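A.B. asks: Quick check, what structure comes out for this input:
(one chain, ligands or ions: 1)
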Amino acid sequence: MVVSYSKVNSKIYSENQYNQPNIFLLIFKIIIIKTNFMKVYSLSHSARTQKLQIAALYVGVDISVEEFHPRQQTEASLAEFKKKNPNGLIPTLETPEGCLYESNAILRHIVRSNDKAEIYGKNDFEKALIDQYLDWNNLTLESVYVPVLLVVLGYAPYEKESFENALETLKKALRILDDRLKQNKYLVGDTVSIADIAIVSYLAFFFRYLFDEKFRKPVPNLTKYYETVANEENFKKVFGRPVIAKVALPLAGAKN
Ligand SMILES: N[C@@H](CCC(=O)N[C@@H](CS)C(=O)NCC(=O)O)C(=O)O
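C.D. replies: Numbers count the residues shown, from 1 in each chain. Prediction:
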């Protein structure tokens, strides 16, 4: 169920002739806020959180993010958190109905709360295609970009050969997207869907810091698509103005 608080607010003040707050509507509003809250435990700068924030903007659902990292907790607070998510991982969603883990399950739950939104496909086949890209992103793409990401962030040492292999593997996976985008403006259907939200949220970091002109040459459709989607207002509200690397970030340990 979607409730726009601004609509509730305007009703409170407009539906009585004296312009006095209507106490019943005020109570109604408090109940709605209490029963609809969705709180995400996570780090707001992570792609898994950003995709949730963008989707919530598209469907008009309020979610709040509580900055939380499992490794920065005391034993007691981690034990408490594991009651919400026994894996002890983020993001974890808390709702009045209970808690949810797995970022794509959370993503679907947020958008299903507005069943009029076409962001999860217009028919069953589109929904299945969207699911395909969500799974592919988490199971295939993620496994090829994490080795690259760890080196870029300095968590893994730079070794020329293995880094170049990892980059090549990533490029191969990105070509799959690039082929799809030859004929299609978006991954599924003719408007932004949660498939685009999930994938572009992950790619944002790479376009900003790593995918320089040379890297982008073999994936021109993906680049154009990235520019289109990342320039949508709801994306800019979360990521800011999209920036595309002219030169890749120098890597620690590499002779550039
Ligand atoms: N498949 C899960 C993966 C969740 C996951 O691995 N989260 C990482 C952060 S991105 C985490 O919680 N790490 C905490 C830790 O390793 O202690 C999802 O998509 O939600």
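
A.B. asks: Could you measure from the residue nearest the centre of the chain over to the ligand?
C.D. replies: Nearest to the centroid of the C-alpha atoms of the chain, with distances taken as C-alpha atoms, centre = their mean, sits residue 51, at 0.9 Å. Distance, residue 51 to the ligand, by C-beta to the nearest ligand atom, to the nearest Å: 10 Å. C-betas here are computed from N, CA, C, even on glycine.

A.B. asks: Looks like that residue contacts residue 203 (just checking).
C.D. replies: No: applying C-beta atoms under 8 Å as the test, residue 51 and residue 203 come out as separate, 11.1 Å apart.

A.B. asks: To which secondary structure element is the residue nearest to the centre of the chain assigned?
C.D. replies: Using DSSP states H and E, residue 51 sits in helix 47-59.

A.B. asks: Go ahead and name everything in contact with that helix.
C.D. replies: Applying C-beta atoms under 8 Å, 6 or more residues apart in numbering, the external contacts of helix 47-59 come out as 2, 38, 40, 42-44, 62-63, 65, 90-91, 93, 103, 106-107, 110-111, 113-114, 117, 119, 192, 194, 197-198, 201-202, 204-205, 234-235, 237-239.

A.B. asks: how much space between residue 125 and the ligand?
C.D. replies: Residue 125 sits 24 Å away from the ligand when distances are taken as C-beta to the nearest ligand atom.

A.B. asks: which residues does residue 63 contact?
C.D. replies: Contacts for residue 63 (C-beta under 8 Å, 6+ apart) come out as 38-40, 52-53, 56, 93, 110.

A.B. asks: Okay, domains of the chain per the record?
C.D. replies: Using automatic domain parsing, the domain ranges for the chain come out as 36-112, 124-239.

A.B. asks: Is it possible to get JSON lines of those that adds mean pLDDT?
C.D. replies: JSON lines is the format used below for those (pLDDT from 0 to 100):
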{"stretch": "domain 36-112", "mean pLDDT": "96"}
{"stretch": "domain 124-239", "mean pLDDT": "96"}
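
A.B. asks: Could you export those to TSV, including columns for distance to residue 247?
C.D. replies: Below are the domains of the chain laid out as TSV (distance: least, C-beta to C-beta, whole Å):
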stretch	distance to residue 247
domain 36-112	23
domain 124-239	5
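
A.B. asks: from memory residue 119 sits against residue 111, does it?
C.D. replies: Yes: between residue 119 and residue 111 there is a contact under C-beta under 8 Å: 5.3 Å.

A.B. asks: which SS state does residue 94 fall under?
C.D. replies: Residue 94 falls in the strand class when you classify it by DSSP: H, G, I helix; E, B strand; the rest coil.

A.B. asks: Number of residues surrounding it?
C.D. replies: 17 (other C-beta atoms under 10 Å).

A.B. asks: What of residue 66?
C.D. replies: 12.

A.B. asks: Kindly report the same for the one 5 residues further on.
C.D. replies: When neighbours are defined as other C-beta under 10 Å, residue 71 has 6 of them.

A.B. asks: can I assume it sits in a strand?
C.D. replies: No: counting by three-state DSSP, residue 71 is not part of a strand but helix.

A.B. asks: Now whichever residue of the stretch 101-250 of the chain sits closest to the ligand: closest residue in space that isn't a chain neighbour?
C.D. replies: Taking C-beta to the nearest ligand atom as the measure, the point where the stretch 101-250 of the chain comes nearest the ligand is residue 103, at 3.5 Å. Nearest residue to residue 103 in three dimensions, chain neighbours excluded: residue 48, at 4.2 Å (C-beta to C-beta, 6 or more residues apart in numbering).

A.B. asks: How much space separates the one you found from residue 148?
C.D. replies: The span separating residue 48 from residue 148 equals 17 Å under the rule C-beta to C-beta, to the nearest Å.

A.B. asks: same check, this time on residue 179
C.D. replies: For residue 179, the distance to residue 148 - C-beta to C-beta - is 21 Å.

A.B. asks: The two: which has the busier surroundings?
C.D. replies: residue 148 (17 against 13).

A.B. asks: Please name every helix or strand in contact with the helix ranked longest in the chain.
C.D. replies: Looking across the chain with DSSP state H, the single longest helix is helix 160-183. Helix 160-183 makes packing contacts with helix 142-152, helix 220-230 when contacts are defined by 3 or more C-beta pairs under 8 Å, 6 or more residues apart in numbering; DSSP states H and E.
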